[in-house]
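Undergrad: I would like the atomic coordinates for the input below:
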Amino acid sequence: MTIPPSLSKNILFCTDFSANAALAFDYALDAAVRREGAMLYLLHVIPEPESQFWRTYIYDADFNADEKAKRDLDDKVAAEYISRIPEGMQFKVDFRIGKDYQKILEFADEISANLIVIGKQGCSPLHKFIFGGVAERVVARAKCPVLVVPLR
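TA: Prediction:
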């Protein structure tokens, strides 16, 4: 069965900048290229420190941690992804801070995502049992199709 192009106009690619995320990007890019007028979103979620001590420490530093993180992430996105975007393709980058799967799902709702593309990281069976994986949590709660690219 072929998915009509109109069903996948807003494609959300989630990255942690791992090698497997780079592979997942190939799938997200392919989906966007095949759909005229598609918008490809790139989202990276920065884990928020849970300890109040670390929050205070980070924000009392002599530099603006948020601005530095944004510059560093912009550089990483430019180096790894932007050069691969075909001319004329609609592409937006966003960063969020918080619990990864929750922020992914919130962002997907905000942009009315029609497809989420995410790489699956390898983890031990015990870790997966206790914590669950980000991809598994997104799949279980997403309101749209999710393409999970397994670790090779």
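Undergrad: would you say K76 is within a helix?
TA: Yes - applying DSSP: H, G, I helix; E, B strand; the rest coil, one finds K76 inside a helix.
Undergrad: Next one: it relative to A21, how far apart?
TA: 11 Å (CB to CB, to the nearest Å). For the C-beta atoms, the positions are set from N, CA and C on the backbone; glycine is no exception.
Undergrad: okay, the two: which has more neighbours?
TA: The neighbour count for K76 versus A21, taken as other CB atoms under 10 Å, is higher for A21 (22 against 13).
Undergrad: is it true that the more buried one touches G119?
TA: Yes - assessed by CB atoms under 8 Å, A21 is found in contact with G119 at 4.5 Å.
Undergrad: Mutual contacts of those two, please.
TA: C14, T15 (CB atoms under 8 Å, 6 or more residues apart in numbering).
Undergrad: and the helix or strand hosting L147, how far out from the chain's middle?
TA: For L147, the host element (DSSP states H and E) is strand 146-149. Averaging C-alpha positions (CA atoms, centre = their mean, to the nearest Å) puts strand 146-149 11 Å from its chain's average.
Undergrad: Report the strands that pair with it, each with its relative direction.
TA: Sheet pairing here is set by DSSP bridges, and for strand 146-149 it gives strand 115-119 (parallel).
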